[in-house]
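**Student:** fold the following for me, if possible:
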Amino acid sequence: MAADIWSVTSFNELRRDGMDVERYNMLNPEKKPHTSYVEKCLEKHEGPVIAATDYVKAYADQVRPFLSRSYVVLGTDGFGRSDTREKLRQFFEVDRYYIVIAALHALSKDGTIPASKVASAIKKYKIDPNKPNPVTV
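**Tutor:** Sure thing, here's the model as predicted:
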């Protein structure tokens, strides 16, 4: 499976840009609509967008209104759970395995791949579907 990896230096700035574009489009209904920077960056790429951050999910979720495709956010909604970043990412389900599962699940929801591919990956990476949700622990 092919994937493009992007680094976001500021979800805050992407949100400000998106809000500026929304305002412009609302106040200029007869002009050609502007497009947000994040939309321009992703417009030639197919598939879902997965955001993985060591911050809370709400940080990366700021740009959701400016994406017209499946958008999944993984984040560490909590603190003090781990002594290493690796353990933190595993606990909050933001490590490489959960990123793969999130991408496959989004592709499955979009009808691109069968759900069995997601189930196979869950088994391959030894993900426990019965593990308590880290947000509720």
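
**Student:** secondary structure class for the residue located most distally from the centre of the chain?
**Tutor:** For the chain, the largest distance from the centre (C-alpha atoms, centre = their mean) belongs to residue 30, which lies 33.2 Å off. Reducing the assignment to helix, strand or coil with DSSP: H, G, I helix; E, B strand; the rest coil, the entry for residue 30 is coil.

**Student:** need the next SSE after the helix or strand of the chain with the lowest mean pLDDT, C-terminal direction.
**Tutor:** Taking mean pLDDT, DSSP states H and E as the measure, the helices and strands of the chain show their lowest mean at helix 85-91, namely a mean of 90. Moving toward the C-terminus from helix 85-91, the next helix or strand (DSSP states H and E) is helix 96-109.

**Student:** I'd like the average pLDDT over that following helix.
**Tutor:** Regarding helix 96-109, the rounded mean pLDDT is 97.

**Student:** just give me how far it sits from the chain centre.
**Tutor:** Using C-alpha atoms, centre = their mean, to the nearest Å, we find the averaged C-alpha position of helix 96-109 to lie 10 Å away from the chain's own average C-alpha position.

**Student:** that helix packs against which elements?
**Tutor:** If contacts are counted by 3 or more C-beta pairs under 8 Å, 6 or more residues apart in numbering; DSSP states H and E, helix 96-109 sits against strand 49-52, strand 71-74, helix 115-124. Bear in mind the C-beta positions are built from the backbone N, C-alpha and C, glycine included.

**Student:** out of everything not next to it in sequence, what's closest to residue 62?
**Tutor:** With C-beta to C-beta, 6 or more residues apart in numbering as the criterion, residue 62 has its nearest non-adjacent residue at 4.1 Å, and that residue is residue 15.

**Student:** correct me, but the one you found touches residue 63?
**Tutor:** Yes. The pair residue 15 and residue 63 qualifies as a contact (C-beta atoms under 8 Å) at a distance of 5.9 Å.
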